[in-house]
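Enquirer: Sequence first, then the predicted structure, then my questions.
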Amino acid sequence: MKIFIDTADLDEIKELASWGIIDGVTTNPTLVKKSGLSFNDIINEIFKIVDGPISLEVVSEKADDMIKEAKKLVSKVSDKFRKNVTIKIPMTPEGLKAVKKLKKEQIKTNVTLIFSANQALLAAKAGATYISPFIGRLDDIGQEGMQIIEEIMEIFYNYKIETEVIVASIRHPIHVIDAARLGADIATIPPGIIRKMVKHSLTDIGIKKFLADWEKVKK
Ligand code: E4P
């Protein structure tokens, strides 16, 4: 399973990319706001750090405006990084129209705010490169989020659909394990959760003991 980092925090992206585990980045307007930087500052830097798909979200509501916005975003990125630009499009009828047109122009899309297998199927039919089902937000309202990943993976497998599934809105490390067990293509994970994934108290205890014993035998 590929791991994308779900943040616009440049320091976190730099640090976790240096671990050699990051395949791409997803951002959204809320994450950009949290970073405290302007969108233009971020866009220029992220592409230099991670050589993989970088999702940038449009905020227009009409298909034609989404397409204009997408093209503007692509033009902001320097030629050598353009292959990595992925446009995040909301799951609406207008969004589907935009996805279809952007596919014709060979611009990659990530259909976001997916909350059902039916939405996933429609986004794939329209030609989305990626879809992002939001697991945590479903859990938040008392619906088992991972259930829709199971349904989507089964449907995409049945019809050999090439659209890749990005498990999004991940809230804890168990979501990541579940996504991987279901064969999801990608999990986009907030930095804090990646930091939890790397830790185990027995690893820390083990290192401490090895270092203490080494002190006794070295000479
Ligand atoms: C990623 O593409 C999504 O925008 C993100 O995972 C949403 O996460 P949230 O539900 O924690 O805001």
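Expert: Ah, there it is.
Enquirer: so who does the residue nearest the centre of the chain touch?
Expert: In the chain, the C-alpha closest to the average C-alpha coordinate belongs to residue 188, at a distance of 3.5 Å (CA atoms, centre = their mean). Applying CB atoms under 8 Å, 6 or more residues apart in numbering, we find residue 188 in contact with 3, 4, 5, 6, 24, 26, 132, 166, 167, 168, 170. For glycine as for every other residue, the C-beta is placed from the backbone atoms N, C-alpha and C.
Enquirer: so it sits in a strand?
Expert: Yes: assessed by DSSP: H, G, I helix; E, B strand; the rest coil, residue 188 belongs to a strand.
Enquirer: distance between stretch 68-87 and the chain's centre?
Expert: 17 Å (CA atoms, centre = their mean, to the nearest Å).
Enquirer: Was I right to think residue 23 contacts residue 187?
Expert: No: with contact defined as CB atoms under 8 Å, residue 23 does not count as touching residue 187 (10.1 Å).
Enquirer: So for those two, which residues contact both of them?
Expert: 2, 3, 4.
Enquirer: Spell out which parts of this structure neighbour the ligand.
Expert: 6, 26, 28, 112, 132, 134, 136, 137, 168, 169, 188 (CB under 6 Å from any ligand atom).
Enquirer: which secondary element of this structure has the worst mean pLDDT?
Expert: The weakest-scoring helix or strand in the chain, judged by mean pLDDT, DSSP states H and E, is helix 39-49 (a mean of 92).
Enquirer: contacting residues around that helix?
Expert: Counting by CB under 8 Å, 6+ apart, 8, 10, 13-14, 17, 25, 27, 32, 35, 54, 56, 73, 76-78, 81, 84 sit against helix 39-49.
Enquirer: ok, back up a step: redo the contacts of residue 188 as TSV? Include secondary structure.
Expert: Below are these laid out as TSV (three-state DSSP):
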residue	secondary structure
3	strand
4	strand
5	strand
6	strand
24	strand
26	strand
132	strand
166	strand
167	strand
168	strand
170	coil
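Enquirer: Can I get these in TSV including pLDDT?
Expert: Below are these laid out as TSV (pLDDT from 0 to 100):
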residue	pLDDT
3	98
4	98
5	98
6	98
24	98
26	98
132	98
166	98
167	98
168	98
170	98
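Enquirer: How about residue 135, nearest residue that isn't a chain neighbour?
Expert: residue 145 (3.3 Å; CB to CB, 6 or more residues apart in numbering).
Enquirer: The one you found: what's it in contact with?
Expert: 133, 134, 135, 136, 137, 138, 139, 169, 175.
Enquirer: List just the nearest of those residues to the ligand.
Expert: residue 169 (3.3 Å; CB to the nearest ligand atom).
Enquirer: where does the residue sitting furthest away from the middle of the chain land on pLDDT?
Expert: Residue farthest from the centre of the chain, counting by CA atoms, centre = their mean, is residue 219 at 49.4 Å. Residue 219 is assigned 82 on the pLDDT scale.
Enquirer: likewise residue 60?
Expert: pLDDT, residue 60: 98.
Enquirer: Please list all residues in contact with it.
Expert: Taking CB under 8 Å, 6+ apart as the test, what residue 60 contacts is 66, 68, 69.
Enquirer: would you say it is within a strand?
Expert: No: using three-state DSSP, the assignment for residue 60 is coil, not a strand.
Enquirer: Kindly export the longest helix seen in the chain (C-alpha atoms) in PDB.
Expert: Using DSSP state H, we find that the single longest helix of the chain is helix 201-217. Backbone C-alpha positions of helix 201-217 (Å, rounded to 0.1, in the frame of the first residue of the first chain) are rendered in PDB as follows:
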ATOM      1  CA  SER A 201       7.200   0.600  23.700                       C
ATOM      2  CA  LEU A 202       9.000  -2.700  23.400                       C
ATOM      3  CA  THR A 203      11.300  -1.300  20.700                       C
ATOM      4  CA  ASP A 204      12.200   1.600  23.100                       C
ATOM      5  CA  ILE A 205      12.800  -0.900  26.000                       C
ATOM      6  CA  GLY A 206      14.800  -3.100  23.700                       C
ATOM      7  CA  ILE A 207      17.100  -0.300  22.600                       C
ATOM      8  CA  LYS A 208      17.600   0.900  26.100                       C
ATOM      9  CA  LYS A 209      18.600  -2.600  27.300                       C
ATOM     10  CA  PHE A 210      21.000  -3.200  24.300                       C
ATOM     11  CA  LEU A 211      22.700   0.200  25.000                       C
ATOM     12  CA  ALA A 212      23.000  -0.600  28.700                       C
ATOM     13  CA  ASP A 213      24.500  -4.100  28.000                       C
ATOM     14  CA  TRP A 214      26.800  -2.600  25.400                       C
ATOM     15  CA  GLU A 215      28.200  -0.300  28.000                       C
ATOM     16  CA  LYS A 216      29.100  -3.300  30.100                       C
ATOM     17  CA  VAL A 217      30.900  -5.300  27.400                       C
END
